[in-house]
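*Asks:* how would this look folded up:
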Amino acid sequence: MTKEDLKKEEYNPYYQQYIEKAGDASIAEGLKGNGDATIAFLESIPEEKLEYRYAEGKWTIKEVIQHIIDTERVFTYRALCIARKDKTLFPGYDQDEYAGNSEANNRSRYSLMNEYKAVRLASIILFDSFSEDMLVRIGSASNSNLSPRAVAFITIGHENHHCEIVKERYL
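*Replies:* Down below sits the predicted model:
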């Protein structure tokens, strides 16, 4: 199952920008390959750059890493609930509030990377556990339809988006 299998009614049009950046791999291959590439990239960033902000009010690289982690957790929780036919209507989440309260800058790269690796491994295992029927179930998040398989590709593309921003504006 690749992003080409997605139907427009499986996600909010806003997420198209992330789905386009998800690559052409299957969910399992995409999450694994994307995670490996992200780990290599983030671990290559010089230590002195991790708390750098390219402009006033922008996140540091540590806060970007924490944002990637938090977003993956929020989205995979939604995917789990939808796969299990939970009819909860998930509200949006305030990414700036999460980032501002994460205290990411008080953490070491080692701590952040360990959390990232644990969350990604959990996501890979979670999506691998879903049957094809579970992956195409439709739930509601932020007043829009959402399927678990859309979540997987949004997660991959969202991460790629933020890594591109770090490369362009922070390094």
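
*Asks:* drop to CA atoms for contacts and neighbour counts, all remaining ones
*Replies:* Fine.

*Asks:* which elements pack onto the lowest-mean-pLDDT helix or strand in the chain?
*Replies:* Lowest by mean pLDDT, DSSP states H and E among the helices and strands of the chain is strand 89-90, with a mean of 88. Packing partners of strand 89-90 (3 or more CA pairs under 8 Å, 6 or more residues apart in numbering; DSSP states H and E): strand 139-141.

*Asks:* what lies in contact with the strand it packs on?
*Replies:* 78, 82, 85-92, 145-147 (CA atoms under 8 Å, 6 or more residues apart in numbering).

*Asks:* quick one: contacts of whichever helix or strand comes after that strand?
*Replies:* Going down the chain from strand 139-141, the next helix or strand is strand 144-146, by DSSP states H and E. Contacting residues not belonging to strand 144-146 are listed as 9, 10, 11, 12, 138, 139, 140 [CA under 8 Å, 6+ apart].

*Asks:* mind putting the residues you listed into TSV with pLDDT, distance to residue 37 and neighbour count?
*Replies:* Formatted as TSV, the contacts of strand 144-146 follow (pLDDT from 0 to 100; distance: CA to CA, whole Å; neighbours: other CA atoms under 10 Å):
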residue	pLDDT	distance to residue 37	neighbour count
9	96	30	13
10	97	27	20
11	97	26	24
12	95	27	16
138	97	30	22
139	96	30	24
140	94	31	20
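
*Asks:* could I get those as TSV with distance to residue 161?
*Replies:* Formatted as TSV, the contacts of strand 144-146 follow (distance: CA to CA, whole Å):
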residue	distance to residue 161
9	22
10	20
11	18
12	17
138	25
139	25
140	24
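
*Asks:* which of the contacts of strand 139-141 are buried?
*Replies:* 78, 82, 145, 146, 147 (16 or more other CA atoms under 10 Å).

*Asks:* bridging residues for the third one?
*Replies:* I take that to be residue 145. Taking DSSP bridges, one finds residue 140 as the beta-bridge partners of residue 145.
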